[in-house]
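In: sequence first, then the predicted structure:
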Amino acid sequence: MTDVYHEGERAVQARAGVLDQAGFSSGAIHARIPDVARDFLRQQVMLVLGATDRQGRVWASLLTGTAGFLRADGDRSLVVDAHPAAGDPLRPLLADSGEAVPVGMIAIEPASRRRMRMNGRATTTGAGIRVDLDQVYANCPKYIQKRAPRRDPGDPAAPLRTDRLQDSHLDLITRADTFFVATADRDGNADASHRGGNPGFVEVLSPTALRWPDYVGNAMFGTLGNIEVNPVAGLLFPDWDTGATLQLTGTARVDWDPDRAAAVPGAQRLVEFTISEVVEIRGSSPLRWSAPVYSRFNPQAVRPASPGPAKP
């Protein structure tokens, strides 16, 4: 049987003591889209995509459309009738190039707390992209906040680019109950994943540093495994109320100190992120969302004795 995990994922699984559970979870990873997933994809209105740009920076981007903008083409390809918004860091890579681009994707339906992850190689089409898939698998509904979409179309504003977080960004992050993280392995194969928790679960250490707890998951460690071999990563914070997006790129590291993790409720370990570039696009998405119903799996986000930043 082919090992679906790379060396970084295996190293993290071993350090976390979950090799057996990871082996069991690997049975969920396929290279084909199952019939039930075809129906799910046709109903979606948002997709988060991660990739590495031509400068070696990893970004996570939001793509949106009406139901049907995602669809299976056969059982090994996904058609996406959308590009990233104007000004998005990944738009030139995906909209203006004919080269095959490794991408990681997560199609998520907050209203039903369902999500599906797909990794493969994207090529540009006239209306969007086509992705030839390498990995397809579903994740559990843990930590997904329930909310429903409505449309409020408009044009995205010009992007605001900085090298550090501004006050409005700090407010969005400290209120966030959800964000997405994009990573890539040593060979550039990309992954996009969801992170959720009660507001406050992402801690702002400084205008260029964030930290969040790594909660119990499926033991695959796709994100942390990639960080193990390639620390470059990208974060996406959607503003569910306004349609703005906040994209960060930088580097991530895992803090394995058990005493430091014990100071944060629910944390198995901590992840620290150093920001190198920030892109804010107001009105990036035409979607607005209802107030969240928080997942019952969310640990308490209050930090009674929050540890300081880990030493390098």
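Out: Received it, and whenever you're ready, just let me know what you need.

In: on the three-state scheme, S284 is what?
Out: Look at S284: counting by DSSP: H, G, I helix; E, B strand; the rest coil, its state is coil.

In: show me what contacts it?
Out: S284 makes contacts with 62, 85, 87-88, 156, 243-245, as judged by Cβ atoms under 8 Å, 6 or more residues apart in numbering. Quick note: C-beta positions are derived from backbone N, CA and C, even for glycine.

In: list the contacts of R113.
Out: 141, 144, 146, 295.

In: by neighbour count, which of those wins?
Out: When neighbours are counted by other Cβ atoms under 10 Å, I144 leads the contacts of R113 with 26 neighbours.

In: ok, that one touching D177?
Out: No - at 9.6 Å, I144 does not count as touching D177 under the criterion of Cβ atoms under 8 Å.

In: quick revisit: can you put the contacts of S284 in TSV and add distance to L235 and secondary structure?
Out: Below are those laid out as TSV (distance: Cβ to Cβ, whole Å; DSSP: H, G, I helix; E, B strand; the rest coil):
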residue	distance to L235	secondary structure
L62	12	strand
A85	17	coil
G87	17	coil
D88	14	coil
P156	19	coil
G243	18	coil
A244	14	coil
T245	11	strand
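
In: tell me what the residue nearest to L90 when sequence neighbours are not counted is bridged to.
Out: Excluding the flanking residues, the one nearest L90 by Cβ to Cβ, 6 or more residues apart in numbering is S61, at 4.6 Å. For S61, the beta-bridge partners under DSSP bridges are L49.

In: list the contacts of S61.
Out: Contact partners of S61, counting by Cβ under 8 Å, 6+ apart, are 48-51, 84-85, 88-91, 236, 245, 247.

In: so for the top strand by length along the chain, what gets flagged as buried?
Out: Assignment by DSSP state E gives strand 269-281 as the longest strand of the chain. For strand 269-281, burial by neighbour count (16 or more other Cβ atoms under 10 Å) applies to 269-275, 277-281.

In: swap in stretch 285-293?
Out: By neighbour count on 16+ other Cβ under 10 Å, the buried set for stretch 285-293 is 285-289, 292.

In: and the two most separated of these?
Out: With Cβ to Cβ as the measure, no two of the buried residues of stretch 285-293 lie farther apart than P286 and P292, at 19.2 Å.

In: what strand or helix carries the closest residue to D73 other than its chain neighbours?
Out: Setting aside the residues directly before and after it, D73 is nearest to V79 in space (Cβ to Cβ, 6+ apart), at 5.0 Å. Assigning secondary structure by DSSP states H and E places V79 in strand 77-80.

In: what pairs with that strand, parallel or antiparallel?
Out: Applying DSSP bridges, one finds strand 77-80 paired with strand 70-73 (antiparallel), strand 129-139 (antiparallel).

In: and stretch 260-280, average pLDDT?
Out: Taken as a whole, stretch 260-280 has a mean pLDDT of 97.

In: quick check: end-to-end length of it?
Out: Its start and end residues considered, stretch 260-280 measures 32 Å (Cα to Cα, to the nearest Å).

In: and that stretch, how far from the chain's centre?
Out: Stretch 260-280 has its C-alpha centroid displaced from the chain centroid by 14 Å (Cα atoms, centre = their mean, to the nearest Å).

In: state the distance from L78 to G120.
Out: L78 sits 7 Å away from G120, going by Cβ to Cβ, to the nearest Å.

In: between the two, which contacts overlap?
Out: Residues touching both L78 and G120 by Cβ under 8 Å, 6+ apart: 105, 131, 133.

In: how about the last one: what's its closest non-neighbour residue?
Out: Distances taken as Cβ to Cβ, 6+ apart place G120 nearest to L133, at 4.0 Å, with adjacent residues excluded.

In: so that neighbour touches R130, yeah?
Out: No - if you go by Cβ under 8 Å, G120 and R130 don't touch, sitting 9.5 Å apart.

In: need the residues touching each of those two.
Out: 77-78.

In: just the pLDDT for P153.
Out: At P153, pLDDT is 88.

In: tell me how many other residues crowd it.
Out: Neighbours of P153 (other Cβ under 10 Å): 10.

In: quick one: contacts for it?
Out: For P153, the contact set (Cβ under 8 Å, 6+ apart) comprises P286.

In: ok, back up a step: now mean pLDDT too, for the strands paired with strand 77-80, in a markdown table please.
Out: Converted to a markdown table, the strands paired with strand 77-80 look like this (pLDDT from 0 to 100):
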| stretch | mean pLDDT |
| --- | --- |
| strand 70-73 | 96 |
| strand 129-139 | 94 |
